[in-house]
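> Requesting a structural model of the entry that follows:
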Amino acid sequence: MSEAKHFDAVVIGAGAAGLFCAGVAGQRGLKVLLLDHSEKVGEKIRISGGGRANFTNRDLDVRAPQRHFIGENPNFCRSALSRYAPQQFIELVQKHGIAFHEKHKGQLFCDGSSQQIVDMLLAECAAGGVERWQPCRIGQIVFSAKNADGASVGSYRIESSRGPIETPKIVVATGGLSIPQIGASDFGYRIAEQFGLRMVAPRPALVPLTFGGEAWAPYAELAGLALPVRIETGARKEKMAFLEDLLFTHRGLSGPAVLQISSYWKPGAPLTLDFAPGVDVAAAFAEAKLRSRKRIANELAALVPSRLADAWVGQDGALQRPINEAADRALAALAERIARWQIVPSGTEGYKKAEVTAGGVDTRDLSSQTMESKQPGLYFIGEVVDVTGWLGGYNFQWAWASAHACANAL
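Sure thing, here's the model as predicted:
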């Protein structure tokens, strides 16, 4: 058996959470090893925000952060998020001289490239003397409990493609299953199960929704059309709604509105869309009928994009006429359709198009203060945990906050 290298802590996964945790822990004086099965680090950061990395959201309410997160227990994230706020990460970005801007709704992006955030995290790791092994495959992980002066001390032995490692602390920061083409895997879930931790079934989140063949045919020609909508799903206490931009695609619906609602949508449930939020369409039609001889599609095009108006009106012969000649009932039905279009998705585009994975390691088996699991010395941070944020920088903020809580606990 070859001699194992010893580290105070080993962080598995060189994404957002893993890089940040390793850097903070290293700067606090620990001997840290960061390893990843891929040659590249921070790939999700690099491709996020259209290559400009939406690295946090300044609208996050640290008093009630669970408002922007889902999971079996959204309150779990409160402790870490309130102890490491967006402003603290913003200060780090400023310290590294990275210029950024707010797009809308508190979303912060780099002025330049997302690679600047990756480089910043690597610089923080270097400042903490973090050792990096990449690419490095991990084989077996074995835990042995030793007795030191009556106190139980645990140690892990990790078999890796670069030789064996010994450490008392392992941090699992391997992300979720989304975007497999950049190396996503279920490794973190397998470690959790190996040590008897509970799991919440993973599923794609922040993902485009698809609609079955024939039913979608009339709308496929709208591919590329984008417009602001109000979108909702769920009933009573479960109801969730967003005001965001919608994008029609050949296969279904996407854009921020759909990515947001997808985290709350349950298979078989309808979505309700209002294509003219804040407008009383029925009243607008009634007023137009008194003064206008324009075709209905032309009047509707004053309220929604003309391509959408043509598609909606084109499906009904009773609407192919000037508005002053239209039956009140036909106009009322059209107004209702614009304000409350109901459609049931057939599914999602899956992990290959999902921005994040919902579900993961059950928070009941983790400490919200330290991220340590009920298995001593084994920690889970970032996306591998059952905490999923809204679109707009919230998932990165969870990565930074959970990593920071963990690094301080190490």
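> Give the ranges of residues in this protein that sit below the confidence cut-off.
Counting by pLDDT under 70, the low-confidence segments of the chain come to 1, 147-152.
> What distance do you get for Ala201 to Trp133?
Ala201 sits 32 Å away from Trp133, going by CB to CB, to the nearest Å. Where C-beta positions appear, they are placed from N, C-alpha and C, glycine not excepted.
> what do you get for Thr56?
Taken as CB to CB, the span from Thr56 to Trp133 is 29 Å.
> Those two - which one has more neighbours?
Thr56 (29 against 19; other CB atoms under 10 Å).
> Can you tell me the closest non-neighbouring residue to Gly255?
Leu247 (3.3 Å; CB to CB, 6 or more residues apart in numbering).
> helix, strand or coil for the one you found?
Using DSSP: H, G, I helix; E, B strand; the rest coil, the secondary structure recorded for Leu247 is strand.
> what's near enough to touch it?
For Leu247, the contact set (CB atoms under 8 Å, 6 or more residues apart in numbering) comprises Gly224, Leu225, Ala226, Leu253, Ser254, Gly255, Val258.
> Equivalent analysis for Val281, please.
Contacts for Val281 (CB under 8 Å, 6+ apart) come out as Leu303, Leu334, Ala335, Ile338, Ala339.
> Identify the bridge partners of the residue nearest in space to the middle of the chain.
Central residue of the chain (CA atoms, centre = their mean): Val356, 4.1 Å from the mean position. As for beta bridges, Val356 partners with Ala205 under DSSP bridges.
> With Trp216 as the reference, measure out to it.
25 Å.
> Glu325: neighbour count?
Residues lying near Glu325 (other CB under 10 Å) number 10.
> again, but for Thr233
When neighbours are counted by other CB under 10 Å, Thr233 registers 19.
> does it really touch Pro267, like I thought?
No - the pair Thr233 / Pro267 is not scored as a contact, 11.2 Å apart, by CB atoms under 8 Å.
> Okay, buried residues for stretch 132-141 please.
Arg132, Trp133, Cys136, Ile138, Ile141 (16 or more other CB atoms under 10 Å).
> pretty sure the second one is touching Ser160, no?
Yes - taking CB under 8 Å as the definition, Trp133 is a contact partner of Ser160 at 7.1 Å.
> Could you tell me which residues touch both of those two?
Joint contacts of Trp133 and Ser160 (CB under 8 Å, 6+ apart) are Leu35.
> Break down the stretch 151-300 of the chain into its helices, ranges please.
Per DSSP state H, counting those that start in this stretch, the stretch 151-300 of the chain carries helices over the ranges 187-194, 213-220, 255-262, 281-291, 296-300.
> Packed most tightly, which of these would that be?
Of the helices of the stretch 151-300 of the chain, the one with the most neighbours on average (mean count of other CB atoms under 10 Å) is helix 255-262, at a mean of 24.
> Tell me which residues are up against it.
So helix 255-262 is contacted by 204-209, 226, 229, 231-233, 240, 242-247, 252, 271, 348, 355, 390-392 (CB under 8 Å, 6+ apart).
> returning to that earlier point: for the residue nearest to the centre of the chain, give me its contacts.
Applying CB under 8 Å, 6+ apart, the residues contacting Val356 are Gly176, Ser178, Ala205, Leu206, Glu383, Thr388, Gly389, Asn395.
> where's the closest residue to the first one other than its chain neighbours relative to Thr388, distance?
Computed as CB to CB, 6+ apart, the closest residue to Gly176 that is not its neighbour in sequence is Thr357, at 2.5 Å. Thr357 sits 8 Å away from Thr388 when distances are taken as CB to CB.
> if I look at Thr233, how far off is Phe275?
For Thr233, the distance to Phe275 - CB to CB - is 16 Å.
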